[in-house]
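[1] generate coordinates for the sequence data below:
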Amino acid sequence: MIPKVFREVIDLGDGREISIETGKLAKQAHGSVVVQSGKCMLLCTVVSNYKQSDVDFLPLTVDYREKFAASGRYPGGFFKREARPSDGEVLTMRLVDRVLRPLFPKDYHCETQVMIQLMSHDDDVMPDAMAGLAASAAIQLSDFPFECAISECRVGRIDGKFITNPTRAQLLESDIDMVIGASADSVMMVEGEMGEISEEDMVEAIKFAHEAIKVQVAAQMRLAEAVGRKAVREYETESEDEALAKKVRELTYDKVYAVARAASAKHERSAAFDAIKEEVKASFTEEELAENSELVKKYFYKAEKAAVRDLTLNEGLRLDGRKTNEIRPIWCEIDYLPSTHGSAIFTRGETQALATVTLGTSREANQIDMPSFEGEETFYLHYNFPPFSTGEARPIRGTSRREVGHGNLAQRALKRMVPADCPYTVRVVSEVLESNGSSSMATVCSGTMALMDAGVQLKKPVSGIAMGLITDVETGKYAVLSDILGDEDHLGDMDFKVTGTADGITACQMDIKVKGLSYEILVKALKQARDGRLHILEKLVETIAAPNEDVKPHAPKMVTKIIPNEFIGALIGPGGKVIQELQKTTKTTIVINEDPVTEEGIVEILGTNQAGIDAVLAKIDSLMFKPQVDSVYEVKVIKMLDFGAVVEYMDAPGNETLLHVSELAWERTENVSDVVNMGDVFDVKYLGVDPRTRKDKVSRKALLPKPEGYKERPPRERNDRRDDRRGGGRDSRDRDRKPRRD
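    Take a look at the predicted model:
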């Protein structure tokens, strides 16, 4: 039976389009679509169990995978099968999850899976920009309780012109790389990196993306109508008890408000809130708690949230006593770890990050091997968030998605400030030692100082800040919060991280939890964030004003030398013998790469001892040494022979040539030792390549005055009579040759 296929097309301009198709693949899923642009095809399926899970949250899994077959390749490694997701895949999962999750009902706890797979790849299409569109389109075809359709769009800007879903090649020329997630009427998520753009430019980029998203949302709605909308499924909703809610609020609100107003530290405040919670529980009988414990917990949280938010909206005060635009106390220190190539501590309030820098060769570059992209990073940042940083003990199960996402944000914030001509591969590692709000922004600050401490010549220092928002829909009041605490992130309506230099924004990440955030509030948040960033930047510059002029004494020095391809083999030697011996004797690391454009060899020399680096450079110069005809060179006798002396060029150790006995002096020389001896140093003239021997010819006598009355010996003529003595020339030999037997 031929399936009935439904299809909608979105025009992107410039001859590009995106199609959304359903009805052909994965029909047993609760919703499935194929989203295609060019040759790039994503299959998205969504499934949600009909039974509520025994948890108090939505067990949503967003999974994005790229199949190597999509680009006609095999997976790398010993096992030829796709394994754990790459960091790039994890980052795409996070982009989609952050937009979808808030749109499910708070009391919907059915296990839900959104699976997106790259089935066909196109070098000119970046698939992550279409993942959100695919996920939302599939959900629209399902019976899930879901608030509204959304989509995501990447924005670039080249020569002042915004571009929708630019190619990877276009992004190399763009000063903006942002992904925006939104519904038809609300922006919900922003993430990206920028080339020091202004706050106004960032808002214009978001507006541009939002207009494109509206078109994509409309296409989803048309597709859902054409297929036929399913009735929203019924599920077991949470029970409500207005009388109980009122009682819990009366017991909770004023006490929480008083604790919040007291401006205590994190653990003291948590202990006080827990004590209030226990008092509330104690006001109920065991039978009442057994029946309504979950509702009591839920209503306590709502009352706590209302009290904290009202304190800020009514009095402009926050949990730790700060005003809305105040930054917590900051202290910094550099060069804390004696053995690292660079290190720095950044502490802001109860958040602390210790960053380290390691310098290496291109051999240490981070290799990226994905079906949609192959390449390497010579600057990368890793972020670690151990449980002790929040005073907790919990299982450690490898790198979390959150750690990957926060590390990527900090990396994007800093990478454009690393000079393109930096000879090193640079790895930054951030260890979060304390956390109470925005450890990723602390990572940016500690990373900046650690790079400068390591002697990496950053163009400009970068700082970061996390902004929050509290709104009241009924009264229209709102408060933008600078440098938010962990509790303010949890209880607030927005988490907006922004990084930049004194001249503009370099990266951002924003998640908005309220519907219909106005651009007026967004602009205010960006302006307030700029003031906070500059304040933090002053503290960084007070600690280290500029990058150290050189790397630390124990850190490796890097020298890069370009050599013609013809000399690479000589430097490596048979079986790598020359380069291995050179690395061993000079205690250096030597890496040879080939420039694909110039087809020249790029030799990287890494070592802590300058003398060793100089020795490698001298060896390379020696290998590339080519004497010029009629030029004079200083040589040293290194070997005596009966027919001459072997001499070594003093300016090119290892380059030897024969000084024939006939070129030692104008007078006839019977014994070589009559003129020169081992270790003698003198000048010779290079005469070029001898056509008879095809070897270099040098002369000592050419630099000496001719003796008076010296006569040139006539050149020896070829003695053809030898052939006659042997029975004539070739013809006579042929005549005397015996006839060949048949």
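[2] using the three-state scheme, assign residue 581.
    Three states are possible here, and by DSSP: H, G, I helix; E, B strand; the rest coil the one that applies to residue 581 is helix.
[3] separation between the nearest residue in space to it that is not next to it in sequence and residue 307?
    Excluding its sequence neighbours, the residue lying closest to residue 581 (C-beta to C-beta, 6 or more residues apart in numbering) is residue 573, at 7.8 Å. No exception for glycine: its C-beta is placed from N, CA and C like everyone else's. Distance from residue 573 to residue 307, counting by C-beta to C-beta, to the nearest Å: 75 Å.
[4] who's more crowded, those two?
    Using other C-beta atoms under 10 Å, the more surrounded residue of residue 573 and residue 307 is residue 307, with 22 against 14.
[5] now for residue 74: which residues touch it?
    68, 80 (C-beta atoms under 8 Å, 6 or more residues apart in numbering).
[6] residue 81 versus that one, what's the distance?
    In this structure, residue 74 and residue 81 are 10 Å apart, going by C-beta to C-beta.
[7] likewise residue 554?
    Separation of residue 554 from residue 81 (C-beta to C-beta): 43 Å.
[8] and residue 699, by the same measure?
    Shown here: residue 699 relative to residue 81, a distance of 69 Å by C-beta to C-beta.
[9] between the two, which one's more packed in?
    In this view residue 699 and residue 81 are compared by other C-beta under 10 Å, and residue 699 has more residues nearby, 16 against 8.
[10] shouldn't that one be in contact with residue 684?
    Yes. Counting by C-beta atoms under 8 Å, residue 684 is a contact partner of residue 699 at 6.2 Å.
[11] anything in contact with each of the two?
    Taking C-beta under 8 Å, 6+ apart as the contact rule, residue 699 and residue 684 both touch residue 659.
[12] I'd like the next helix or strand past the helix or strand in which residue 222 is found.
    In this structure, residue 222 sits in helix 199-227 according to DSSP states H and E. As assigned by DSSP H and E, the chain's next helix or strand after helix 199-227 is helix 242-261.
[13] now stretch 527-543, how far from the chain's geometric center?
    Distance of stretch 527-543 from the chain centroid (C-alpha atoms, centre = their mean, to the nearest Å) equals 24 Å.
[14] contacts for that stretch?
    Contacts to stretch 527-543, defined as C-beta under 8 Å, 6+ apart, come from residues 199, 325, 327, 330, 332-334, 344, 346, 348, 445, 448-449, 461, 463-465, 467, 480, 482-483, 496, 498-502.
[15] what sits up against stretch 282-296?
    Outside stretch 282-296, the residues within contact range by C-beta under 8 Å, 6+ apart are 56, 239-241, 244-245, 248, 251, 280-281.
[16] just the buried members of the residues you listed?
    Buried members of the contacts of stretch 282-296, scored by 16 or more other C-beta atoms under 10 Å, are 244-245, 248, 251, 280-281.
[17] pull the most distant pair out of these.
    Across the buried ones among the contacts of stretch 282-296, no pair lies farther apart than 245 and 281, at 15.2 Å, counting by C-beta to C-beta.
[18] which residue is nearest the centroid of this structure?
    residue 380 (4.7 Å; C-alpha atoms, centre = their mean).
[19] for residue 141, see how far away residue 108 is.
    When C-beta to C-beta is applied, the distance between residue 108 and residue 141 equals 18 Å.
[20] for residue 184, which non-adjacent residue is closest in space?
    Taking C-beta to C-beta, 6+ apart as the measure, residue 184 lies nearest to residue 217, with 4.7 Å between them; neighbours along the chain are not counted.
[21] no, scratch that, I was asking about residue 325
    In space, residue 325 is closest to residue 482, 4.9 Å off (C-beta to C-beta, 6+ apart).
[22] what do you get for residue 163?
    Counting by C-beta to C-beta, 6+ apart, residue 156 is the residue found nearest to residue 163 once chain neighbours are left out, at 4.4 Å.
[23] and the average pLDDT for the host helix or strand of that neighbour is what?
    Following DSSP H and E, the helix or strand that holds residue 156 is strand 150-158. Strand 150-158 comes out with an average pLDDT of 96.
[24] partners of that strand in the sheet?
    Using DSSP bridges, the neighbouring strands of strand 150-158 in the sheet come out as strand 161-164 (antiparallel), strand 176-183 (antiparallel).
[25] how far does stretch 474-482 stretch from start to finish?
    Using C-alpha to C-alpha, to the nearest Å, the span of stretch 474-482 from its first residue to its last is 24 Å.
[26] got the buried residues for that stretch?
    For stretch 474-482, a neighbour-count test (16+ other C-beta under 10 Å) marks 478-482 as buried.
[27] which two among the residues you listed are spaced furthest apart?
    In terms of C-beta to C-beta, those reach their longest pairwise distance at 478 and 482, which sit 14.1 Å apart.
[28] elements contacting the helix or strand containing residue 188?
    Assessed by DSSP H and E, residue 188 sits inside strand 187-197. Strand 187-197 is packed against helix 87-100, strand 150-158, strand 176-183, helix 199-227, helix 401-415, strand 504-512, with contacts defined by 3 or more C-beta pairs under 8 Å, 6 or more residues apart in numbering; DSSP states H and E.
[29] just put these in JSON lines and tack on distance to residue 660.
    As requested, these are exported to JSON lines (distance: least, C-beta to C-beta, whole Å):
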{"stretch": "helix 87-100", "distance to residue 660": "65"}
{"stretch": "strand 150-158", "distance to residue 660": "66"}
{"stretch": "strand 176-183", "distance to residue 660": "67"}
{"stretch": "helix 199-227", "distance to residue 660": "74"}
{"stretch": "helix 401-415", "distance to residue 660": "60"}
{"stretch": "strand 504-512", "distance to residue 660": "67"}
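[30] out of the ones you listed, which is closest to residue 112?
    Each of those was checked against residue 112 via C-beta to C-beta, and the shortest separation belongs to helix 87-100, namely 9.1 Å.
[31] and the closest one, what other elements does it pack with?
    The contact analysis (3+ C-beta pairs under 8 Å, 6+ apart) places helix 87-100 against strand 60-66, strand 110-120, helix 128-140, strand 150-158, strand 176-183, strand 187-197, strand 366-370, helix 401-415.
[32] so how far is that helix from its chain's centroid?
    Shown here is helix 87-100, whose average C-alpha point lies 16 Å from the average C-alpha point of the whole chain (C-alpha atoms, centre = their mean).
[33] and if you look at stretch 10-28?
    31 Å.
[34] stretch 643-659 too?
    Going by C-alpha atoms, centre = their mean, where stretch 643-659 is centred and where its chain is centred differ by 50 Å.
[35] ok, now stretch 47-63?
    Going by C-alpha atoms, centre = their mean, the spacing between the C-alpha centre of stretch 47-63 and its chain's C-alpha centre is 32 Å.
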